[in-house]
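K.L.:
Here is the input, now give the coordinates:
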Amino acid sequence: MILPIVAYGHPVLRKMCMDIEPGYPDLGKFINDMWETMYHSSGVGIAAPQVNKPIRLFVIDTIQVVEGFDEEDKRKYPNEKGIKRVFINAHKVEETGEPWTYNEGCLSIPKVREDVQRGEIVRLRYMDENFTQHEEAFDGITARVILHEYDHIDGKLFIDYLPAITKRLIKKKLDDISNGKVKTDYRMLFPK
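P.N.:
Below you'll find the model as predicted:
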């Protein structure tokens, strides 16, 4: 089932999300719904708070990003290997490496894209959909997408990293999104 995506301004996007237990109700269906929602909205990742669930769960598919690389991307990221994965109860162990800039967008903040600096490498402790524990380091575009989605489960958004002047410049767009004055190819849930 395709779920509505929560729009900027909705309080769930600012919540510190909770860990879940293996008996979480209808978890398999919820994960499938997240995949379906992400692909339907042309996303590469989506976090549970973006579909109005304040739990520590997100899914990413960077394989589609790598497969869509143009020649310049192939030169910039020659060793990039995409992944498709479910992250449950993720907790960041560390973020390391030289900060690098990449243009980010967000399904909850449609039609806004800005350059954001993040570390090159992220090490996470997380569980997969079978609640098997993992600790793993990720780099490149995959680390970027993971950090973006990880921020969602910590109640942060990519716009929080922007300089004050940039935030002022996009304020009208953000207000329009909060007020439901934005058109998307997917259903959205706006703040009341």
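K.L.:
For the residue nearest the centre of the chain, what is the enclosing helix or strand?
P.N.:
Closest to where the C-alpha atoms of the chain average out (Cα atoms, centre = their mean) is E149, at 2.8 Å. Element membership for E149 (DSSP states H and E) is helix 140-153.
K.L.:
which helices and strands sit right next to whichever helix or strand V122 is part of?
P.N.:
Using DSSP H and E, V122 sits in strand 121-127. Packing contacts for strand 121-127, counted by 3 or more Cβ pairs under 8 Å, 6 or more residues apart in numbering; DSSP states H and E, involve strand 84-96, strand 133-139, helix 140-153. Yep, even glycine has a C-beta here, placed from its N, CA and C like the rest.
K.L.:
three-state assignment of T184?
P.N.:
Using DSSP: H, G, I helix; E, B strand; the rest coil as the criterion, the local structure at T184 reads coil.
K.L.:
So which residues of this protein form helices?
P.N.:
Assignment of helices within the chain using DSSP state H yields the ranges 27-40, 63-67, 71-76, 140-153, 164-178.
K.L.:
Pick the most buried one from those helices.
P.N.:
Neighbour counts averaged per stretch over those are highest for helix 140-153, at a mean of 23; criterion: mean count of other Cβ atoms under 10 Å.
K.L.:
Please name every helix or strand in contact with that helix.
P.N.:
Counting contacts by 3+ Cβ pairs under 8 Å, 6+ apart, the secondary-structure elements packed against helix 140-153 are strand 45-47, strand 57-61, helix 63-67, strand 84-96, strand 100-106, strand 109-118, strand 121-127.
K.L.:
Kindly tell me how buried the nearest residue to E67 once chain neighbours are set aside is, as a neighbour count.
P.N.:
In space, not counting the residues next to it along the chain, E67 is nearest to G82; the distance is 7.2 Å by Cβ to Cβ, 6 or more residues apart in numbering. Neighbour count of G82, defined by other Cβ atoms under 10 Å: 20.
K.L.:
And K111, by the same measure?
P.N.:
Here the count is done by other Cβ under 10 Å, and K111 has 12 residues near it.
K.L.:
correct me, but it touches K173?
P.N.:
Yes: in this structure, K111 sits in contact with K173. The criterion is Cβ atoms under 8 Å, and the distance is 6.8 Å.
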